[in-house]
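A.B. asks: Provide a 3D model corresponding to the input given below.
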Amino acid sequence: MSDQAEIWHKGGCHCGAVQIEVRAPADVTVLECNCSMCSKVGFLHLIVPKSDFRLLQGEDALTTYTFNTGAAKHLFCKHCGVKAFYIPRSHPDGYSVNLRCLDQSTFDHITIEPFDGQNWEDNVGGLEPLPD
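C.D. replies: Numbering: from 1, shown residues only. Model (predicted):
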């Protein structure tokens, strides 16, 4: 994140059953991961602490998928299948929100950086930790 003021950005799944808010600056950098999961679903990672995330509605509409180590909790809307956010293995104390599921009008500038998730173990150490 940056030193600029943070605002609440709204978003959710395709059908609207799951609605979220995430607090982040209007200028953000997100990660485009090439792992098997992210590349198939087109996830753009905006990783935030739990305190900067709100599930406004739809907890009952979520279903969880895990694989490999089971550490990441992939949460999908059971109605439309969209994953607007999940609990990432890299930051289990936060959330990774899919930028594509947020209202783009509240962002001024978005930078997309590649992340080599196909070689996750070799690259996870380069991710920024969440603020305390």
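A.B. asks: just give the strands next to the host helix or strand of V30 in its sheet, each with its orientation.
C.D. replies: Per DSSP states H and E: V30 is located in strand 27-33. Paired strands of strand 27-33, with direction, are strand 44-49 (antiparallel), strand 109-115 (parallel) (DSSP bridges).
A.B. asks: state the distance from A84 to D132.
C.D. replies: Distance of A84 to D132, given as CB to CB, to the nearest Å: 26 Å. For glycine as for every other residue, the C-beta is placed from the backbone atoms N, C-alpha and C.
A.B. asks: nope, F115 is what I was after
C.D. replies: Taking CB to CB, one finds F115 at 23 Å from D132.
A.B. asks: same question for L55.
C.D. replies: Counting by CB to CB, the gap from L55 to D132 is 22 Å.
A.B. asks: more crowded one of those two?
C.D. replies: Counting neighbours by other CB atoms under 10 Å for L55 and for D132 shows that L55 has the greater number, 16 against 5.
A.B. asks: surely that one meets I20?
C.D. replies: Yes: contact criterion CB atoms under 8 Å: L55 and I20 qualify, at 5.8 Å.
A.B. asks: using CSV, list the CA coordinates for the longest helix along the chain.
C.D. replies: As assigned by DSSP state H, the longest helix anywhere in the chain is helix 36-41. This file holds the C-alpha atoms of helix 36-41, laid out as CSV (Å, rounded to 0.1, in the frame of the first residue of the first chain):
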residue,chain,number,x,y,z
SER,A,36,-3.0,-22.9,-11.8
MET,A,37,-5.9,-21.3,-9.9
CYS,A,38,-5.3,-17.6,-10.5
SER,A,39,-4.6,-17.9,-14.2
LYS,A,40,-7.8,-19.9,-14.8
VAL,A,41,-10.1,-17.5,-13.0
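A.B. asks: list the contacts for the most centrally placed residue in the chain?
C.D. replies: Nearest to the mean C-alpha position of the chain, counting by CA atoms, centre = their mean, stands V97 at 1.9 Å. Neighbour list for V97: G11, I20, V22, H45, L46, I47, V48, F53, A84, F85 [criterion: CB atoms under 8 Å, 6 or more residues apart in numbering].
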